[in-house]
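J.: need a structure here:
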Amino acid sequence: GVTASPPAGTVTTFVAPPSSEAPPAVWHDPPRSWMEGRALPVAAGVATRQEPEKVTLHFRPEEAKKLSEVALKRVGPYRFRCEVPARLVRPGEAQYCLTVTAGGKTLAFPGGTEGTPDLEKLARLPDVVLAEFTDPAAASKFTFRPAEGYEGAGEIAAGEKEESALQLRSDGFGEPPSCCAATIEAARVTSSLQSYNALCLRARGGPYTTAVEVVAVQRDGRTYGTNALLTRRWRTIKLPFDRLHPMWQTKTGKLDPAQIAQIRLTFGAWLFQADRARRHEVEVSRLWLAAEVPMYTLRIVRRGDPVTLFDPGLERVRVHGGPHTTTVIREPQSGDHALRIATEKFGPVPSCLSFRSAVDEDFDLWRDELTGYNTLTVRARGLEPTTNQVEIVLIERDGSPWGTNVPLSAEWREIAIPLSELRFWTNWSPQIAGRGGAEDHFRPEKAASVNVCFGAWLYPEHYAERHTLEIGSVALEKR
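T.: Have a look, this model is predicted:
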């Protein structure tokens, strides 16, 4: 056969033209975090019917009053890129959006709304209150339905520090779909809601109540909602309309905020699983509609802050071993994610359950900053009294394992272990040349993964009993 090559300089890459019918679209994957004082690269895919006149990043550091603009430049077919100056990359939660101007029309992303974001205009729009319980004499009307077979109540009562609130309680739940619910009558809205895009509530949960289902019921019977995550502390929860999906018998469509007649708050067995038989409480002081600029959010981390090696809210792991259940839960006090691993019993040694999680790619930002980091912190607990320790091993890029057994209690706590106390994990019989000698030690800048394990040898007198490990973050700190 004959092989032919194109002449030098010939473009051989085929680029499909954008659809002449589709509206402008943007593809962007925000980083999870970034470090203060480092220029932030931002890349996006942009597809328009015609060449965009401009693509612009609008960036706001935490507490900044205005958006700073940075122009994106084309770096390839549909690909645009820019860099946020290091002076704008300040600690806290940064927000940003992208605008695309094509054919004389500007759209903002995420969301695809028309026009350039105007923070000052939105700041002048008042909240539209749907229901309020801060004044018992003028509280919104509601009805409460308890879980069948369980004591429960809904009442308006004064809080310890907050004003009065609607307090909902159930002394437990049975098997799913066991639940309780409060139906709150919403105030009729007569003003224009064109710029409003979020349903908000001021709420908190009890010690084991980590979520509540929030559903807006329209006058035409259509329903749209989602789960709101709760913590023990009062906080404002914002639910963008585009996160409210059709619920119950409603299968399609989007929420029409002008049609909201009721707000239904439901919590039950499917939300709490192993904790469903415990007492559960939800408190809500206010529900309202807000006008928010749809934004990407980015956590800008301060130099010297803890560096996360494992976060169960971000990493999905596969647990190996015998029969078990694995659940991602919320730690009641902080609201942070935690991983619950439970087994009815272990067999004889070496029966165990374990998982391994590679450090996140964001960790690469920190490798040159880890001088002085000297402590491993593990947030965890053993749900049963006999689950009193867990094996944690940090693995370097060359495979060198460094570990220890971490003591647990029945209450959530942060356990701090000096890195100098990690020992070369000879239990695994590692064969790495030049490692594990008397002068050797764990090198945090070389960290590659975290291994978590618990099993029969840790509980020799109780291995045949039920064991449950709940583990939150694993991090390096400078102490």
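
J.: gap between the strand or helix carrying Trp288 and the chain center?
T.: Following DSSP states H and E, one finds Trp288 within strand 280-290. Offset of strand 280-290 from its chain centre (Cα atoms, centre = their mean, to the nearest Å): 20 Å.

J.: Which secondary structure elements does the following helix or strand past that strand sit against?
T.: Sequence order places strand 296-301 as the next helix or strand after strand 280-290, per DSSP H and E. Counting contacts by 3 or more Cβ pairs under 8 Å, 6 or more residues apart in numbering; DSSP states H and E, strand 296-301 packs against strand 33-35, strand 92-102. (Glycine included, C-beta is placed from N, CA and C.)

J.: Break down the stretch 351-479 of the chain into its helices, ranges please.
T.: Remark: no helices are assigned in the stretch 351-479 of the chain by DSSP state H, counting those that start in this stretch.

J.: which stretch among the helices and strands packed on strand 296-301 comes nearest Leu394?
T.: Nearest of those to Leu394, taken as Cβ to Cβ: strand 33-35 at 20.2 Å.

J.: Each with direction, which strands does that closest one pair with?
T.: strand 296-301 (parallel) (DSSP bridges).

J.: Taking strand 92-102 as reference, get the angle to the strand it pairs with.
T.: Put simply, strand 296-301 runs at 150 degrees to strand 92-102, going by axes from the mean of the first three to the mean of the last three Cα atoms, to 10 degrees.

J.: For strand 296-301, list every residue counted as buried.
T.: Buried residues in strand 296-301, counted by 16 or more other Cβ atoms under 10 Å: 296, 298, 300-301.

J.: and these as CSV, adding pLDDT and distance to Asp127?
T.: Output for these, formatted as CSV (pLDDT from 0 to 100; distance: Cβ to Cβ, whole Å):
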residue, pLDDT, distance to Asp127
Tyr296, 90, 23
Leu298, 92, 26
Ile300, 93, 28
Val301, 90, 31
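
J.: Greatest separation within these: which pair is it?
T.: Taking Cβ to Cβ as the measure, the buried residues of strand 296-301 have their most distant pair in Tyr296 and Val301, spaced 16.5 Å apart.

J.: Going by neighbour count, list what's buried in the helix or strand where Phe144 lies.
T.: Secondary-structure element containing Phe144, defined by DSSP H and E: strand 142-145. Judged by neighbour count using 16+ other Cβ under 10 Å, the buried positions of strand 142-145 are 142, 144.

J.: Listing partners with orientation, what would you give for it?
T.: In the sheet, strand 142-145 lines up with strand 179-185 (antiparallel) (DSSP bridges).

J.: I would like the residues contacting the partner strand, please.
T.: For strand 179-185, the external contacting residues (Cβ atoms under 8 Å, 6 or more residues apart in numbering) are 130-131, 140-147, 150, 152, 154, 166, 168, 170, 173, 217, 261-270, 287.

J.: Now the very next helix or strand once past that strand: average pLDDT?
T.: Next in sequence after strand 179-185, counting helices and strands by DSSP H and E, comes strand 198-205. Averaging pLDDT along strand 198-205 gives 94.

J.: again, but for stretch 335-344
T.: The model assigns stretch 335-344 a mean pLDDT of 89.

J.: Tell me how many other residues surround Trp27.
T.: For Trp27, the neighbour count with other Cβ atoms under 10 Å is 12.

J.: Quick check: phi and psi on it?
T.: phi -110, psi 120 (degrees, to the nearest 10).

J.: I am finished for the moment; much appreciated.
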